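K.L.:
sequence and computational prediction follow.
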Number of protein chains: 2
Amino acid sequence: MQPSVKRGKLAKIAGCNIETIRYYENIELLRAVDRTSSGHRVYSSDDQARLRFILRARELGFSIAELRGLLGLVDSNEYTCGEVLAVTNNHITTIQQKISDLKRLEQTLSDMAQKCDGGEVPDCAIVDAMFH
Amino acid sequence: MQPSVKRGKLAKIAGCNIETIRYYENIELLRAVDRTSSGHRVYSSDDQARLRFILRARELGFSIAELRGLLGLVDSNEYTCGEVLAVTNNHITTIQQKISDLKRLEQTLSDMAQKCDGGEVPDCAIVDAMFH
DNA sequence: TATACTCTCTGTAGTAACTACAGGAACAAG
DNA sequence: CTTGTTCCTGTAGTTACTACAGAGAGTATA
């Protein structure tokens, strides 16, 4: 980890789009970092770690709102393991719900596709099913 | 099915938000329907069927872009069963991909949650994992 | 008929989470 | 010293809607 980098390099290191970093600053997930005399942003290693935390949580599907909650806990320095676990379990439940919704969808679509012979005729069980 | 209705009633019948109908007209999924002399929209039973088709496809997770393709086929009156099946199978593949992504996510989160004892201590395996 | 209430019309802005410009200043290399 | 890359800012676009404001139209009741 570099001790201090500018925005372009940080994006490269962290593996995100350069504009994403500015976006996170705008919505105050990242603090307004130090600047050079000419106004270029300079990121410390703490800033880099925080960005990685954010990106990792996003990869894991946490919304910005959930992430804000998580960061609020971490920033308070008074968070407990139990609080973090609660947010995480909540998120797991959401994901499980999405999975089951998508499975039902897949089933419905597969059933429709099954009934369709895929031939050259302009009469299709899928279209019929969608028109009801 | 009513022979002709206005926007509010159509929304109620079809089970969507009234503004959604105008939106679909704007993006040209629905045609610009007939109006009364004072400018109120009047929907025929064909218009109603088309809206239901659109809403059903959306329920099934087709994006507006996919739907546009589907409607293009149907509107051409020269579509074949095979073409519709291709769009559908494509969509099924996308959904399956999403399901497997979400399952991996769930696994990762569950693993993290497992390692966390949820206690009162300010030292959390989940936070550690997210900071890497 | 007058009034009141509901419905519809229009354009516009807001949502989530970014991404992509444009125009200009600063920095690094040769 | 010039060229090329990086950085700055503000703003607009993406998806699929949803919500609002202000004004006109339609309907029900007194």
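P.N.:
Alright, I've got the coordinates. Worth saying up front: this structure is predicted, and the values here are computed from it rather than measured. Residues are numbered from 1 along each chain as shown, chains lettered A, B, ... in the order given.
K.L.:
what's the longest strand belonging to chain A packed up against?
P.N.:
Longest strand of chain A, by residue count under DSSP state E: strand A:41-44. Under the contact criterion of 3 or more CB pairs under 8 Å, 6 or more residues apart in numbering or on different chains; DSSP states H and E, strand A:41-44 touches strand A:4-5, helix A:7-14, strand A:34-35. No exception for glycine: its C-beta is placed from N, CA and C like everyone else's.
K.L.:
got the ones you listed as JSON lines, with distance to B:Arg68 and mean neighbour count columns?
P.N.:
Shown next, in JSON lines, are these (distance: least, CB to CB, whole Å; neighbours: other CB atoms under 10 Å in any protein chain shown):
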{"stretch": "strand A:4-5", "distance to B:Arg68": "44", "mean neighbour count": "17"}
{"stretch": "helix A:7-14", "distance to B:Arg68": "34", "mean neighbour count": "16"}
{"stretch": "strand A:34-35", "distance to B:Arg68": "46", "mean neighbour count": "11"}
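K.L.:
can you add mean pLDDT and distance to DNA strand D and give the ones you listed back as a markdown table?
P.N.:
Conversion of those to a markdown table gives the following (pLDDT from 0 to 100; distance: least, CB to the nearest atom of the strand, whole Å):
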| stretch | mean pLDDT | distance to DNA strand D |
| --- | --- | --- |
| strand A:4-5 | 93 | 7 |
| helix A:7-14 | 96 | 2 |
| strand A:34-35 | 96 | 7 |
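K.L.:
for those, which one sits closest to chain B?
P.N.:
Nearest to chain B among the helices and strands packed on strand A:41-44 is helix A:7-14; the distance by CB to the nearest CB comes to 11.4 Å.
K.L.:
neighbouring contacts of that closest one?
P.N.:
A:1-2, A:5, A:17-18, A:20-22, A:40-41, A:43, A:47-48, A:51-52, A:55 (CB atoms under 8 Å, 6 or more residues apart in numbering or on different chains).
K.L.:
in helices only, show me those residues.
P.N.:
Mapping these onto helices (DSSP state H) picks out A:Ile18, A:Thr20, A:Ile21, A:Arg22, A:Asp47, A:Gln48, A:Leu51, A:Arg52, A:Leu55.
K.L.:
tell me, which of the residues you listed make contact with chain B?
P.N.:
A:Arg52 (CB under 8 Å from any CB of the partner chain).
K.L.:
now the two most distant members of the ones in helices among the contacts of helix A:7-14.
P.N.:
Greatest spacing in the ones in helices among the contacts of helix A:7-14, by CB to CB: A:Arg22 and A:Arg52 (16.8 Å).
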